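> sequence below, structure please.
(chains A and B)
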Amino acid sequence: MYQSQYFIPTLKEIPNDAQMPSHQLMLRAGLIRQIAAGVFSWLPYGYKILKKVQDILREELDAIGGQEFLLPALNPKEIWDQTNRVEAMGDVMFHLKNRDNLILAPTHEEIIAYHASQSIKSYKDLPQIWYQIQNKFRNEPRPKSGVMRGRQFLMKDSYSLDASEEGLDISYEKHSLAYHRIFERCGIKFFVVGASSGAMGGSKSQEFMVENSFGEDTCAVNYESGYSSNMEVAVSYVQPLGRIENSPEYEKFATPNAKTINELAEQFELEVNTCAKSVVYVVDSELVLILMRGNDELNESKLQSFFETNQTRPAEEDEIVKCFGANPGSLGPINIKTPIKIYADNLLKDANGLVSGANENGFHFKSIDLLRDCKIEGYSDFRTVIAGEADILSGKPLKVVNAIELGHIFKLGTKYSNALGAKILDENGKEKPIVMGSYGIGVERILACIIEQNHDEDGIVWDKDLTPFHIHILGLAYDKSEIVQDSCNQLKSELEKLRLEVLLDDRKERPGFKFKDADLLGIPIQVIIGDRGLSEDKVELKFRKSGEKIEVKTTDILNHITKFYNI
RNA sequence: CGGGGUGUGGCGCAGUCCGGUUAGCGCACUUGGUUUGGGACCAAGGGGCCGCAGGUUCAAAUCCUGCCACCCCGACCA
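All right, here's what the predicted structure looks like:
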């Protein structure tokens, strides 16, 4: 490819709209251009590498028996009504104004289940793995970070269809392995976390995450022990409070200036951990009290999975006052004006000797015994893990990091097959719903993550195993020097015979300009060919990653390159 | 949806508070010349409905009203 004829509009300056390094570089190196918030065009240089990422996805999915589909972006609303997801998705789903019975598909579980229901009738037809690599449409409230979160985005989605839970386990495991291979081949450092299944339904679910300060998820990790978990479900080892010997009757005492746990602990010389904090939530429009240890923070995701609902919110002050007869700051499990259900964090299980609010402004109780003095409906892990706490695997400190969700694998179960009537007859002639799994990867996110992990101040640094071009030939004074032209073109055709992809900078630009552009584009090897070197029968080789530059004889250049690419 | 910010040539910005030449600068672009191994220099050019609409005024990029777009924080995120 001659660069003078290749549309690759590079930018010297960082576009004002881009914050994330990968976003900046994708714009600067001419991979993408934004067309609206969360909507991007892929330019030739970007699309070239994006297709290579897709090749990897296809190879690895084909390797586990996947079959590629091309599914429509326009879907009949009727099919989506059968799983009630038009309502569940709400504003996230794009609707059409002038064709009300169609929607833009945000994902394709329904369509897959629909096809299965039509044509899969027997356990003998299973298992199947069906996948697609296509644009999905979601009306994201706030697109951000370039292709990281868009309203139209490319997704690899696969779906497994099995006759049994055991079959699903196998399909799920196959995907897990395929995902490991995919991300390894992309050269991405990642980790896997257990995740909450959210509104998708289903049982087991894991996310493939990439540590990144711009990531929208938060995870607790310890790379040494291998512990990693989304903060939604992360746990750590913390000693429960337990019971103390001496357990007198609880007793009210005045705490006029103590509104927070810290103030209370400080003024009365108490252990923060023995103060039970009262957190009031509205769960499915019912007020509940959650007792937390000291300054532990309630984790709303854990609360939601405990109550199996996503309808939760902190109670408003007026609701609290009305129910408890006291203001926040003096709340506790005893003497509630209108008794409500009380739950407590595992660390407080059966504890005594606690201090908590007396539900009377300015007063607290001490020596509370949860076994004796109040009724706890249930204990669970409600607390948010804090960085530095002990990892449950190794006891070593946990790190809390931001992360990008690259892939997600789900055991869906029978939710969609039941809703769409995707049923089979088993060995005994008994009708059963197909057991499904769903497995997604954000294709453009892969590219963004590669660039996040492989760039420097000069530009992108592609890996030799995944790069738009293998060699970047920089012809210095190409337009003036016939000998440079001949030399460049000869090398180009020799390399192309070896099936290596070559970008030849034949533009009428000054050397410095070409060097800067080449570093920005990030092709692994630059071959710098100019009159100066050729006069001594030499060219220069620059390795983008290390920055190392070597002068080699023109007769040796091919050897160096084939060695680098192992061919 | 709440809060904040920004819209001026392809990109990055100044000018807006305090209205008044022909709207300016750097990069990019065109032509000519000199240069040519890390984003050259000189000269001459081309390119703007100053986000859109309405209003105030003799006069609006600048003041007022409404709207739109984009970015950031939050909420949300199958």
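> all strands for the stretch 151-300 of chain A, in order.
A:152-162, A:191-194, A:205-211, A:217-222, A:227-230, A:251-254, A:276-283, A:286-293 (DSSP state E, counting those that start in this stretch).
> give me the distance from the fifth one to the chain's centre.
Computed by CA atoms, centre = their mean, to the nearest Å, the chain-centroid distance of strand A:227-230 equals 13 Å.
> contacts for that strand next, please.
Residues outside strand A:227-230 that contact it (CB atoms under 8 Å, 6 or more residues apart in numbering): A:191-196, A:207, A:209, A:217-222, A:235, A:391-394, A:398. Placement of C-beta: from N, CA and C, glycine included.
> by contact count, what packs against the helix or strand of chain A with the lowest mean pLDDT?
Using mean pLDDT, DSSP states H and E, the weakest-scoring helix or strand in chain A turns out to be strand A:312-314, at a mean of 84. Judged by 3 or more CB pairs under 8 Å, 6 or more residues apart in numbering; DSSP states H and E, strand A:312-314 is in contact with strand A:276-283, helix A:300-307.
> does the spatially closest residue to A:Lys48 that is not a sequence neighbour belong to a helix, a strand or coil?
With sequence-adjacent residues excluded and distances taken as CB to CB, 6 or more residues apart in numbering, A:Lys48 is closest to A:Pro468, at 4.6 Å. Secondary structure state of A:Pro468, per DSSP: H, G, I helix; E, B strand; the rest coil, is coil.
> likewise for the one 10 residues further on?
With three-state DSSP as the basis, A:Tyr478 sits in coil.
> count the residues that sit near it.
Here the number of neighbours of A:Tyr478 (other CB atoms under 10 Å) works out to 26.
> show me the contacts for the residue nearest to it when sequence neighbours are not counted.
Spatially, and ignoring its direct neighbours in sequence, A:Tyr478 is nearest to A:Asp506 (4.7 Å; CB to CB, 6+ apart). Counting by CB under 8 Å, 6+ apart, A:Asp506 makes contact with A:2-4, A:475, A:478-479, A:485, A:488.
> where is pLDDT lowest across these?
Ranked by pLDDT, these bottom out at A:Asp479, which has 91.
> about what we covered before: can you say which of the contacts of A:Asp506 are buried?
A:2-3, A:475, A:478, A:485, A:488 (16 or more other CB atoms under 10 Å).
> am I right that A:Gln134 falls within a strand?
Yes. Membership of A:Gln134 in a strand is supported by three-state DSSP.
> pLDDT value on the residue nearest the centre of chain A, please?
Nearest residue to the geometric centre of chain A (CA atoms, centre = their mean): A:Glu405, 0.7 Å. Among the per-residue scores, A:Glu405 holds a pLDDT of 94.
> stretch A:267-287: which residues count as buried?
Of all the residues in stretch A:267-287, those buried under the rule 16+ other CB under 10 Å are A:270, A:273-281, A:283, A:287.
> look up how far A:Glu319 lies from A:Ser122.
To A:Glu319, A:Ser122 is 55 Å away according to CB to CB, to the nearest Å.
> could you do A:Gly150 as well?
Taking CB to CB as the measure, A:Gly150 falls 39 Å from A:Glu319.
> more neighbours, the two?
Shown here are A:Gly150 and A:Glu319; by other CB under 10 Å, A:Gly150 has more neighbours (25 against 13).
> so that one touches A:Pro143, yeah?
Yes. Look at A:Gly150 against A:Pro143 with CB atoms under 8 Å: they come within range, at 5.5 Å.
> next, the angle strand A:217-222 makes with the strand of greatest length in chain A.
Counting residues, the longest strand found in chain A (DSSP state E) is strand A:399-413. Here strand A:399-413 points in a direction 110 degrees away from that of strand A:217-222 (axes from the mean of the first three to the mean of the last three CA atoms, to 10 degrees).
> check which element follows strand A:399-413 along the chain.
Sequence order places helix A:415-420 as the next helix or strand after strand A:399-413, per DSSP states H and E.
> who are the packing partners of that next one?
With contacts taken as 3+ CB pairs under 8 Å, 6+ apart, helix A:415-420 sits against helix A:109-119, strand A:435-442.
> hmm, who's touching it?
Residues outside helix A:415-420 that contact it (CB under 8 Å, 6+ apart): A:79, A:82-84, A:109-110, A:112-114, A:116-117, A:161, A:201-202, A:422-423, A:433-436.
> only whichever of those residues are buried, select them in ChimeraX.
Isolation of the buried members of the contacts of helix A:415-420 (16+ other CB under 10 Å) is achieved in ChimeraX through the command below:
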select /A:79,82,83,109,110,112,113,114,116,117,161,201,202,422,423,433,434,435,436
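> skipping adjacent residues, who's closest to A:Gly294 in space?
Leaving aside its sequence neighbours, A:Gly294 sits nearest to A:Val272 (CB to CB, 6+ apart; 4.0 Å).
> again, but for A:Glu444
Spatially, and ignoring its direct neighbours in sequence, A:Glu444 is nearest to A:Val147 (3.9 Å; CB to CB, 6+ apart).
> sorry, back to before: tell me which residues touch the residue nearest to A:Lys48, please.
If a contact means CB under 8 Å, 6+ apart, then A:Pro468 has A:45, A:48-49, A:52, A:462, A:501, A:503, A:521, A:523 as its contacts.
> cool, A:Lys144 as well?
Residues near A:Lys144 by CB under 8 Å, 6+ apart: none.
> now do A:Leu347
Listed by CB under 8 Å, 6+ apart, the contact partners of A:Leu347 are A:238, A:240-241, A:293, A:296, A:383.
> I'd assumed A:Ser205 was in contact with A:Gly194.
Yes. Look at A:Gly194 against A:Ser205 with CB under 8 Å: they come within range, at 7.4 Å.
> which one of those two has more residues nearby?
Per other CB under 10 Å, whichever of A:Gly194 and A:Ser205 has more neighbours is A:Ser205, with 23 against 15.
> just to revisit the earlier point, turn the strands of the stretch 151-300 of chain A into CSV, columns for distance to A:Asp62 and mean pLDDT.
Shown next, in CSV, are the strands of the stretch 151-300 of chain A (distance: least, CB to CB, whole Å; pLDDT from 0 to 100):
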stretch, distance to A:Asp62, mean pLDDT
strand A:152-162, 11, 96
strand A:191-194, 22, 89
strand A:205-211, 19, 92
strand A:217-222, 30, 92
strand A:227-230, 29, 90
strand A:251-254, 71, 92
strand A:276-283, 46, 90
strand A:286-293, 49, 91
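> could the helices and strands packed on strand A:312-314 go into TSV alongside distance to RNA strand B?
Listed next are those as TSV, based on distance: least, CB to the nearest atom of the strand, whole Å:
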stretch	distance to RNA strand B
strand A:276-283	12
helix A:300-307	7
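> any low-confidence regions in the stretch 301-450 of chain A?
Within the stretch 301-450 of chain A, no stretch has pLDDT under 70.
> contacting residues for whichever residue of it sits closest to RNA strand B?
The minimum distance from the stretch 301-450 of chain A to RNA strand B, using CB to the nearest atom of the strand, falls at A:Gly440 (4.4 Å). Applying CB under 8 Å, 6+ apart, we find A:Gly440 in contact with A:107, A:155-158, A:407-409.
> overlap between these and the residues near RNA strand B?
A:107, A:155, A:157, A:408 (CB under 7 Å from any atom of the strand).
> now, among the residues you listed, which is nearest to A:Lys259?
Nearest to A:Lys259, judged by CB to CB, of those is A:His408 at 41.7 Å.
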